[in-house]
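Undergrad: okay, sequence plus prediction incoming.
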Amino acid sequence: MHFKIEPVTLAPVTPNPGDSVDERKKRRMISNRESARRWRMRKQKHLESLRNQVSRFKDGNRELMIKLRLILRQKQMIDEENRCLCTEGEILRHRLSEFRRDLLLRYLEEQKMSSSSAWACINDVGYVNDWR
């Protein structure tokens, strides 16, 4: 509820020697009313300022909540991607371990084959070596 109050200017209350007591009371009452009216206007402006501030804070909070929800969704997506990458890393480490084992077995088989063929050649020639 907003009221538009027009300012009223009154002459300051200064007692004149010829004024009656009723006249002074009347002027004082008018002055008090004007003072109360000014106070109500200040109060109304202050309340309106507070309402505007509350509205700005609510808007700011709403924006922050939207940003927070967006960040939380992004975090969930990143967490899920991180879990997938960790699983993929484990799978790749396991496969690498299998490849290393297979390479080692092939190497050992090749060494075995080359040493047995070397022994065969040596035995064919009749040459005996003390490599054992």
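TA: Sure thing, it's come through.

Undergrad: show me the shaky parts of the protein.
TA: Low-confidence segments of the chain, defined by pLDDT under 70: 1-18, 117-132.

Undergrad: recalculate using a threshold of 90.
TA: 1-19, 112-132 (pLDDT under 90).

Undergrad: helices of that one, residue ranges please.
TA: 21-125 (DSSP state H).

Undergrad: in it, which residue is most central in space?
TA: Taking Cα atoms, centre = their mean, the centroid of the chain lies closest to residue 68, which sits 5.2 Å from it.

Undergrad: distance check, it against residue 74.
TA: Distance, residue 68 to residue 74, by Cβ to Cβ, to the nearest Å: 11 Å. In this view, the C-beta of every residue, glycine as well, is placed from N, C-alpha and C.

Undergrad: repeat for residue 63
TA: Taking Cβ to Cβ, one finds residue 63 at 17 Å from residue 74.

Undergrad: equivalent analysis for residue 29, please.
TA: Residue 29 is 67 Å from residue 74, by Cβ to Cβ.

Undergrad: same check on residue 19?
TA: Distance from residue 19 to residue 74, counting by Cβ to Cβ: 78 Å.

Undergrad: which one of the two has more residues nearby?
TA: With neighbours defined as other Cβ atoms under 10 Å, residue 19 and residue 74 compare such that residue 19 has more, 14 against 10.
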